[in-house]
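Engineer: Provided below for reference: sequence and predicted model.
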Amino acid sequence: MLLPNALRDSHVFWLLASLIWLLPFCALVHAGFQPDHWQLHHTDSGTGPYPTGSVITFALIIAAENVGLGLMVQAWRFHRLWLRMLIGILPWLGWTLLWGASAMHQSPVRGVHMLWLLAACALLLLALLVIEPVSACPRLRRWLSR
């Protein structure tokens, strides 16, 4: 109906989700090269070693969040997508608030993760604001499917 046939396939959805995961992964790698300004005051040397462990850990955390969000929302099925998105955004907001509460004096890698959570929250809210009227109004749904 509303979604193109290619987007109704779950394989295409997971391919897009993995491509979206590459964006925060690249940002995590870049953030690893940025100096941790809070730690600079507490160390003798000017720069610390590259935080390979943190980058890998947060890349895996973001991958798990992508999979969890994808399984909660199941965007390849349009039937009651608005309800799944509404139910899925509540634990996502809680997870974002939990990470936001520990955001003081965080390293650049943790900052990228926090920005990823906030961007995903904003995109979920925006998608919910688009999908809700389309789902609620059959006339609008028919007009969009032409």
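Structural biologist: The structure has been received and is ready for your questions. Numbering: from 1, shown residues only.

Engineer: tell me which helix or strand comes right after the strand or helix carrying I87.
Structural biologist: In this structure, I87 sits in helix 81-101 according to DSSP states H and E. Going down the chain from helix 81-101, the next helix or strand is helix 108-136, by DSSP H and E.

Engineer: can you find the helix or strand of the chain with the lowest average pLDDT?
Structural biologist: Lowest on mean pLDDT, DSSP states H and E among the helices and strands of the chain sits helix 37-40, with a mean of 62.

Engineer: other SSEs contacting the helix or strand following it?
Structural biologist: For helix 37-40, the succeeding helix or strand toward the C-terminus, using DSSP H and E, is helix 52-73. In terms of contacts (3 or more C-beta pairs under 8 Å, 6 or more residues apart in numbering; DSSP states H and E), helix 52-73 is packed against helix 10-32, helix 81-101, helix 108-136. (Each C-beta comes from the backbone N, C-alpha and C, glycine too.)

Engineer: okay, buried residues for helix 52-73 please.
Structural biologist: 54-55, 58-59, 61-62, 65-66, 69-70, 72-73 (16 or more other C-beta atoms under 10 Å).

Engineer: with stretch 15-31 instead?
Structural biologist: Buried-residue list, stretch 15-31, by 16+ other C-beta under 10 Å: 20-21, 24-25, 27-28, 31.

Engineer: from the residues you listed, which two are the most distant?
Structural biologist: Within the buried residues of stretch 15-31, I20 and A31 form the most distant pair, 17.5 Å apart (C-beta to C-beta).

Engineer: about what we covered before: can I get the helices and strands packed on helix 52-73 in CSV with distance to Y50 and mean pLDDT?
Structural biologist: Below are the helices and strands packed on helix 52-73 laid out as CSV (distance: least, C-beta to C-beta, whole Å; pLDDT from 0 to 100):
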stretch, distance to Y50, mean pLDDT
helix 10-32, 5, 86
helix 81-101, 23, 87
helix 108-136, 10, 87
